[in-house]
Structure formats: structure tokens, C-alpha cells
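> Curious how this folds, go ahead:
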Amino acid sequence: MYVAHIMLFLLFTAQISRTVRKFDNPMYADEFNIHNFLLHPDVLIGQALTLRYKPVNLDVLPLYISLIACVFLPWKIAVFGAGPLAYAIGAAAYVLKLAVAGFFLALFETATAKMRVFRVPQFLGAALMLGLLGTLLLFVSRSF
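Residues are numbered from 1 along each chain as shown. The predicted structure is shown next:
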């Protein structure tokens with residue numbers, strides 16, 4: 001989820017900076033709280049990687065809640081007006097799906113808990129490369 005958040009951050013800032021440059025309206029940068037990012041991208045990429053810099057609409061907790069809700073909510077399990085048996089089967093399928101996902105998540109977490117500590121340099125390297133990609137996209141978007 002952290003990598004998804006960083007990618008979303010980079011795409012968001014690149015799109016807003018492109019819009020600011022294309023329409024020549026600095027109010028967009030102020031409205032979406034990326035004005036400081038456009039002035040000092042080297043400092044704020046580091047703050048974004050540590051989740052201390054947040055543009056508007058990129059708060060971490062609501063973003064994670066919405067991503068988890070999209071994965072686990074039972075959309076279209078039973079059609080409207082199908083009857084109580086269809087709703088019971090849908091609810092049972094939903095609970096079973098959550099139980100299976102929870103089991104595999106616990107299995108994965110216990111298997112990789114110690115490995116995560118050893119992989120921190122790789123994660124930081126990937127985050128640095130994504131930050132550099134965002135800076136490159138910022139400079140490329142200035143040419144349009």
C-alpha cells in the first residue's frame with residue numbers, strides 16, 4: 001500500500017503541475033497544496049516518502065480505508081429484491097471471503113515478518129527511484 005500511495009502521490013503532483021503550467025494559473029498549485037513542492041521538489045519528495053507532506057485529497061488513512069473497502073465490500077453478491085435466502089448466501093460468502101483473506105494475510109505476515117527488516121534498503125531504493133521518476137515527470141511536463 002505504501003508503494004501505491006507513493007505512485008498515486010507522484011501521478012497526482014505531476015498532473016497538477018502540468019495543469020498549472022498548461023493553464024498558467026498558480027491558484028491550482030495553492031488550492032491543491034503543491035506550491036511548495038513545485039518550488040522545492042528535492043526537499044518535499046523526502047517528506048512525501050516519510051508521509052509528512054500531504055497534498056489535498058491524499059491523506060493516508062482515508063485512502064487506505066477506501067482501498068480496503070473496494071477490495072472487501074460485497075458488491076453485487078445478491079441483486080435487489082432477490083429474497084432472504086440470496087441475502088443469507090451472499091452474507092455467508094462475504095464472511096467466508098474475509099476469513100480466507102485474513103488467513104492468507106496472517107500466513108504471509110508471519111512468513112515474511114523477519115524478511116521485511118532485511119528488505120528495507122530495497123524498499124527505500126524503489127521509493128527513491130519513484131521519486132526520481134516523479135521529478136523527471138515534473139520536468140517533462142514543463143515542456144508541454
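
> which stretches of the chain form helices?
Assigned by DSSP state H, the chain shows helices spanning 2-23, 27-31, 35-39, 41-49, 60-72, 84-118, 120-142.

> what stretches of this structure score poorly on pLDDT?
Within the chain, the stretches with pLDDT under 70 are 1, 57, 59-61, 63-64, 66-79, 112-118, 120, 143-144.

> quick one on the thing from earlier: JSON lines please, covering the helices of the chain and showing mean neighbour count.
To be clear about C-beta, it is placed using only N, CA and C from the backbone, and glycine gets the same treatment. Below are the helices of the chain laid out as JSON lines (neighbours: other CB atoms under 10 Å):
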{"stretch": "helix 2-23", "mean neighbour count": "17"}
{"stretch": "helix 27-31", "mean neighbour count": "15"}
{"stretch": "helix 35-39", "mean neighbour count": "16"}
{"stretch": "helix 41-49", "mean neighbour count": "17"}
{"stretch": "helix 60-72", "mean neighbour count": "11"}
{"stretch": "helix 84-118", "mean neighbour count": "11"}
{"stretch": "helix 120-142", "mean neighbour count": "14"}
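
> Val95 versus Ala82, what's the distance?
Distance, Ala82 to Val95, by CB to CB, to the nearest Å: 18 Å.

> And for Arg52?
Look at Arg52 and Val95: by CB to CB, they are 38 Å apart.

> Not counting sequence-adjacent ones, nearest residue to Gly134?
Leu10 (3.5 Å; CB to CB, 6 or more residues apart in numbering).

> That neighbour and Gly83, how far apart?
Taken as CB to CB, the span from Leu10 to Gly83 is 48 Å.

> same check, this time on Gln15
Separation of Gln15 from Gly83 (CB to CB): 46 Å.

> Next: Ala106.
As judged by CB to CB, Ala106 and Gly83 stand 35 Å apart.

> and what of Phe108?
Distance from Phe108 to Gly83, by CB to CB: 37 Å.

> surely the residue nearest to Gly134 meets Gly131?
Yes - between Leu10 and Gly131 there is a contact at 7.4 Å, judged by CB atoms under 8 Å.

> Quick one: residues contacting Asp42.
Thr135 (CB atoms under 8 Å, 6 or more residues apart in numbering).

> From Thr135, how far out is it?
8 Å.
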